[in-house]
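Student: Predicted model and sequence follow; I will ask about them next.
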Amino acid sequence: MQPIIRGLIKRYPKLRGHRSKAMILNAASQVVIVNLDILEKKFNSEEKVTPETLSEKGIVGKIRGEMPKIKILGDGKLTK
């Protein structure tokens with residue numbers, strides 16, 4: 001490697017903190033799982049199930065001030 005190019009490369013600082021940036025991205029993209037039996041207990045008939053209502057009823061909380069993605073699984077039965 002030529003000394004001029006080597007000097008230019010050495011001048012630039014090394015990038016640090018790659019791992020911490022990846023951890024922040026993973027925390028923001030977390031998925032919260034909600035089963036049907038929980039919805040059966042907490043909601044009345046003809047009541048809408050939205051992320052806001054799930055948060056109001058204490059089923060789902062915000063992660064770092066943001067509403068996480070919600071996945072509803074079919075563990076249980078809905079009778080309403």
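Tutor: Noted; the coordinates are in hand.

Student: From residue 67, how far off is the residue nearest in space to the middle of the chain?
Tutor: Centroid-nearest residue in the chain: residue 30, 2.5 Å away (criterion: C-alpha atoms, centre = their mean). Residue 30 sits at a distance of 11 Å from residue 67 (criterion: C-beta to C-beta, to the nearest Å). All C-beta spots, glycine's among them, are computed from the backbone N, C-alpha and C.

Student: ditto for residue 13
Tutor: Distance, residue 13 to residue 67, using C-beta to C-beta: 37 Å.

Student: Now do the SS call for residue 55.
Tutor: helix (DSSP: H, G, I helix; E, B strand; the rest coil).

Student: if I read this right, it contacts residue 62, doesn't it?
Tutor: Yes - the pair residue 55 and residue 62 qualifies as a contact (C-beta atoms under 8 Å) at a distance of 7.0 Å.

Student: So if I had to pick from the two, which one is more boxed in?
Tutor: It is residue 55, of residue 55 and residue 62, that has more neighbours when counted by other C-beta atoms under 10 Å, with 14 against 10.
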